[in-house]
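Engineer: Fold the following and give me the result.
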Amino acid sequence: MAPGAGSLDPRVRRYALFTALWSFELWHPFWTLWLLMQLQGDFFQATLVDVVFWTVTLLVAMPAGAVSDRFGRKPSLVFGIAIWHAGVILFGISRSLPMFAIANAAWALGASFLFSSGPAFVYDTLAETGQEARYPHAMSRIALIGFLSTAAGSLIGGLVVLATQSFQVVLILSGVNGALATLTALTFREPSTRERGEVGMVAQIGTGLRATRRNPQILLLILFQILTGIVIYVLLFFRAPFIEALVGGDYALMGAVFGGFFCVSAVAALSVGRILDRLGETGALALTFLLVYPPFALVYVVSLGLLSPPLALAFAIAAQVPSYVIWGLETPVVTTIINRRVTGSERATVLSVSIFLTTLSLGIAEPLVGYLAETLGVALGLTVLASIAAIPSAFVLVAYGRSDRRAQLPTAAVLPDRGR
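Structural biologist: Got it, this is the predicted structure:
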């Protein structure tokens, strides 16, 4: 018998605790600054280090999803969270390009297992008690908790950096909450309704690829994710030096600014269900488009250097806020759209196909963006990138809308959704 309409399965609440623990990122506003400090401020080299992250993700994203579909969500989550935090700690003790590359490889390996298995675990757990339709509600609450945890971590991390004058210490301290998150994952119970694949690993990946290829909406969604994802991620990558230059080395203020950003994401996560209900899938993606591209006009205005420092900081914060709204919306919306169209034995693999293709594009694009940042400056380089990506994004959005009007959702997985 399903729990009451107003409650969620206790296992989902435990997963929310798990999310809060690993999302308590003291290091979030400062990891890029630590990397740039060790590489003498070379943006191009820094993006090359990040390419290692994307390359490893390319190699393991689909196998990680297939492992989750074939062998279970719990072991994938335990392995993923342990390796993720090992990578963060290693990043914190790295001082050379090769060591940062190794740390990023471990970080990427953990992320691939964590992000392909988490949404599938929640969906399958809800399906066990016939609560699939509550997936958007559940994931939005989980996202809310995760973002508030990151906001708190950013704020406290800023105080720690201010007190210690060290970016390194907040990376190493992540081992504490990483250990707690790993212990929490060990208490999970595997969903009994998860459909286990009866084929080998390669065949499981092939099944996921076929499931992706046969649904044009999933393909269009992935293409839209690629275009907007490149713009959003590179803004994230260069956000810390951009904000640091404006706060003048006040790391407590910097942590507070990032904490405020994640509070915006938390509020946005609460709106996912209402947005999907009122705007539909196409409307939600259109909202994403409007949140991604127009704010770069503000980034460009700040880059001109014509504003007073307080006004420049205000404009810079205003330009960043929409991307954090997207952070609150993206995972629940994207995973809802995908989960509605695939079966349990394909779910994590198809999610990992999405990660794979988005990662491939980021791995190719990021060094080019690093070169733009070196030659044109961070703000102008990002504005040029956004201007280029906006045009194909608009075409994909229109194509998705047409496909959405023609599509008939399969009854096998009708469910709503969602919410570095």
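Engineer: where in the stretch 51-200 of the chain is pLDDT low?
Structural biologist: Within the stretch 51-200 of the chain, the set of residues satisfying pLDDT under 70 comprises 193-200.
Engineer: show me what contacts residue 100?
Structural biologist: With Cβ atoms under 8 Å, 6 or more residues apart in numbering as the criterion, the residues that contact residue 100 are 35, 38, 39, 49, 52, 91, 94. C-beta: built from backbone N, CA, C; applies to glycine.
Engineer: which SSE is it in?
Structural biologist: Per DSSP states H and E: residue 100 is located in helix 97-128.
Engineer: Between helix 97-128 and the helix or strand following that helix, find me the angle.
Structural biologist: Past helix 97-128, heading to the C-terminal end, the next element that is a helix or strand (DSSP H and E) is helix 135-164. With axes from the mean of the first three to the mean of the last three Cα atoms, to 10 degrees applied, the angle from helix 135-164 to helix 97-128 works out at 150 degrees.
Engineer: Could you pull out the buried residues of helix 135-164?
Structural biologist: Buried residues in helix 135-164, counted by 16 or more other Cβ atoms under 10 Å: 135-158, 160-161.
Engineer: so what does that helix touch, helix or strand wise?
Structural biologist: For helix 135-164, the contact count by 3 or more Cβ pairs under 8 Å, 6 or more residues apart in numbering; DSSP states H and E identifies helix 10-22, helix 97-128, helix 168-172, helix 251-270, helix 272-292, helix 309-339 as packing neighbours.
Engineer: Tally up the residues packed near residue 379, please.
Structural biologist: By other Cβ atoms under 10 Å, the residues close to residue 379 number 22.
Engineer: what's the spacing between it and residue 289?
Structural biologist: Separation of residue 379 from residue 289 (Cβ to Cβ, to the nearest Å): 21 Å.
Engineer: same question, residue 175
Structural biologist: For residue 175 relative to residue 289 (Cβ to Cβ), the value is 39 Å.
Engineer: How about residue 397?
Structural biologist: Between residue 397 and residue 289 the distance is 6 Å, computed by Cβ to Cβ.
Engineer: buried set for the one helix or strand residue 369 maps to?
Structural biologist: Residue 369 is located in helix 347-376, with elements delineated by DSSP H and E. Applying a neighbour-count criterion of 16+ other Cβ under 10 Å, one finds 347-363, 365-367, 369-370, 372-373 buried in helix 347-376.
Engineer: Stretch 244-260 now?
Structural biologist: Counting neighbours by 16+ other Cβ under 10 Å, one finds that the buried residues in stretch 244-260 are 244, 246-247, 251-260.
Engineer: swap in stretch 386-404?
Structural biologist: Judged by neighbour count using 16+ other Cβ under 10 Å, the buried positions of stretch 386-404 are 386, 389, 390, 393, 396, 397, 399, 400, 401, 403, 404.
Engineer: same question, stretch 326-342
Structural biologist: When burial is assessed from 16+ other Cβ under 10 Å, stretch 326-342 yields the following buried residues: 326-342.
Engineer: Quick check: residue 123 touching residue 339?
Structural biologist: Yes: with contacts counted by Cβ atoms under 8 Å, residue 123 reaches residue 339, the gap being 5.5 Å.
Engineer: how many neighbours does residue 304 have?
Structural biologist: Counted with other Cβ under 10 Å, residue 304 comes out at 10.
Engineer: List phi and psi for it.
Structural biologist: Backbone torsions for residue 304, taken as degrees, to the nearest 10, come to phi -70, psi -20.
Engineer: check contacts around it.
Structural biologist: Residue 304 is in contact with no residue at all, counting by Cβ under 8 Å, 6+ apart.
Engineer: Check it and give its pLDDT.
Structural biologist: The model reports residue 304 with a pLDDT of 76.
Engineer: Run through the residues that contact the closest residue to residue 353 other than its chain neighbours.
Structural biologist: In space, and not counting its chain neighbours, residue 353 is closest to residue 212: 4.8 Å by Cβ to Cβ, 6 or more residues apart in numbering. By Cβ under 8 Å, 6+ apart, residue 212 lies in contact with 218, 219, 222, 350, 353, 354.
Engineer: Widest-spaced pair of those?
Structural biologist: Longest distance between any two of the contacts of residue 212 is 11.1 Å, between 219 and 350; criterion Cβ to Cβ.
Engineer: Can you get me a residue count around residue 318?
Structural biologist: Neighbourhood size, residue 318 [other Cβ under 10 Å]: 13.
Engineer: And the one 5 residues further on, by the same measure?
Structural biologist: Neighbourhood size, residue 323 [other Cβ under 10 Å]: 22.
Engineer: In this structure it contacts residue 232, no?
Structural biologist: Yes: at 5.5 Å, residue 323 and residue 232 qualify as touching, with contact defined as Cβ under 8 Å.
Engineer: okay, and the common contacts of those two?
Structural biologist: Where contact means Cβ under 8 Å, 6+ apart, the residues bridging residue 323 and residue 232 through contact with each are residue 292.
Engineer: ok so, going back, just the closest of the contacts of residue 212 to residue 104, please.
Structural biologist: Taking Cβ to Cβ as the measure, residue 104 sits nearest to residue 354 out of these, at 20.8 Å.
Engineer: and the buried residues of stretch 244-260 as TSV, adding pLDDT and distance to residue 77?
Structural biologist: As requested, these are exported to TSV (pLDDT from 0 to 100; distance: Cβ to Cβ, whole Å):
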residue	pLDDT	distance to residue 77
244	82	34
246	75	38
247	79	36
251	92	33
252	92	34
253	91	35
254	92	32
255	93	28
256	92	32
257	89	31
258	91	26
259	92	26
260	90	30
